[in-house]
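**Student:** Starting from these lines, generate the structure:
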Amino acid sequence: MDEANLPELPEEIYPLILCCLPVKSLIRFTCVSKSFHSLILSDPKFAKSQFQAARDRKSLTRRLLCAPPKAESIDLETPAFGNSSSAVTKLKVPFEDVHLLGSCNGIVLVVLDNYIFYMWNPSTGFWKKLPDREGASPSDNRLYSGFGYLPAMDDYRVFASYFDYTPDDDEIEVGTVFSSRANTWETFEYDELAVASYEGVLVNETLHWHTYYHEIVAFDLAQQQDYKMRKTLLPKYLYDKGDDIQLSGGERLHVVRVATQMTPCIDVWVMTEYGSWTKLFNLKFSGPPKERWRHTSCSVWVMETSTVFSIFTGDRDELVMIIFPENGHVDEQQDSKMFSCLKQEEIHSSGTANLYTHQMTGP
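**Tutor:** Alright, predicted model coming up:
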């Protein structure tokens with residue numbers, strides 16, 4: 001059949017075809033026509049269908065977003081990771097200095113000047129400014145925060161904690177909650193918490209932080225008005241002097257201990273239910289020199305089959321992905337295939353980092 005005589009597809013067929021494509025292809029196809037551009041970048045129904053299709057096919061890809069001073073996205077699943085800088089994509093950001101506060105559903109929460117919040121989709125370049133809190137100013141002392149999504153209500157929510165003062169000039173800790181559905185902030189008071197982590201880890205619509213008292217505090221984003229924090233204990237025998245404790249999310253909550261004083265290693269526990277922990281694995285770094293594995297202040301991300309973290313290698317940092325071995329023991333010399341390193345000179349961002357899914361959704 002001659003190409004000029006090919007029958008045209010009904011308009012309703014195009015979204016069904018396009019929602020089966022990966023994000024990279026969809027971004028390219030925004031240049032095909034105005035209708036494609038509008039459908040792919042501006043239609044929330046299409047974005048949800050594309051996300052659901054990708055999740056059903058288990059084809060959602062994860063990237064690591066780093067900023068500031070420059071915003072860069074690192075593809076953690078490309079074969080190029082560890083071999084060249086092609087795993088790193090530079091992103092355009094309309095601001096000089098942004099700080100990452102969390103990610104959910106492909107959307108990243110960023111803050112400017114400690115009080116101006118934006119939702120950002122790094123995959124599409126979409127930005128949305130949140131309304132300012134009442135009385136917000138650059139002098140606000142933000143303590144910790146978090147970000148999540150409630151699918152049943154189609155509502156993105158932001159939690160941020162600040163120091164405030166009573167009429168008697170007493171210092172108190174207040175929590176603020178933003179709802180994208182209501183487009184408003186609510187403020188509530190609660191007892192001061194000695195939270196050690198700044199960014200909340202999202203699991204099952206609940207944000208988690210660890211404290212200096214070997215506890216985890218949790219905030220359920222689905223709460224309405226009568227806001228409360230709940231607490232649970234960290235695994236026993238977790239702390240040794242000099243060890244670094246971090247939380248990591250996913251389908252379940254993980255606690256990561258990076259031990260550096262004796263035998264360098266990473267221990268990971270998974271929460272099976274609140275207050276109940278199971279040790280998931282232990283990664284021992286036996287490749288010489290042992291001082292190679294001195295951990296930096298970067299975060300650790302635990303995923304289904306690998307973990308990503310930063311190490312100090314003599315005179316520079318490297319971003320490292322380790323594929324989980326079946327026996328839980330990592331030896332750099334014996335099994336170098338477990339290691340994929342992206343040298344720090346290939347990454348031009350030295351600030352915070354967030355793991356996010358590469359998808360079309362928007363707030």
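
**Student:** quick one: the helices in the stretch 1-150 of the chain?
**Tutor:** 13-18, 23-29, 34-42, 44-56 (DSSP state H, counting those that start in this stretch).

**Student:** how close does the residue lying closest to F159 once chain neighbours are set aside sit to L101?
**Tutor:** Once flanking residues are discounted, F159 sits nearest to G146: 4.8 Å by Cβ to Cβ, 6 or more residues apart in numbering. For every residue, glycine as well, the C-beta is placed using N, CA and C. Counting by Cβ to Cβ, to the nearest Å, the separation of G146 from L101 is 7 Å.

**Student:** Give the residues shared as contacts by the two.
**Tutor:** E199 (Cβ atoms under 8 Å, 6 or more residues apart in numbering).

**Student:** And the pLDDT for the closest residue to G102 other than its chain neighbours?
**Tutor:** Spatially, and ignoring its direct neighbours in sequence, G102 is nearest to F147 (3.6 Å; Cβ to Cβ, 6+ apart). In this model, F147 is scored at 94, pLDDT.

**Student:** Is it correct that F147 is in contact with V177?
**Tutor:** No: using Cβ atoms under 8 Å, F147 makes no contact with V177, being 11.1 Å away.

**Student:** hmm, back to that, beta partners for the residue nearest to G102?
**Tutor:** V158 (DSSP bridges).

**Student:** just C104 next, same as before
**Tutor:** Beta-bridge partners, per DSSP bridges, of C104: I107.

**Student:** Show the pLDDT at it.
**Tutor:** C104 is given a pLDDT of 87.

**Student:** So it sits against Y149, correct?
**Tutor:** Yes: using Cβ under 8 Å, C104 is in contact with Y149, at 4.8 Å.

**Student:** Among those two, which residue is more densely surrounded?
**Tutor:** Taking neighbours as other Cβ atoms under 10 Å, C104 and Y149 compare with C104 leading, 23 against 19.

**Student:** so who does that one touch?
**Tutor:** Contacts of C104 (Cβ under 8 Å, 6+ apart): 147-149, 156, 202.

**Student:** Of those - the most surrounded one?
**Tutor:** Neighbour-wise, the contacts of C104 (other Cβ under 10 Å) top out at F147, 28 neighbours.
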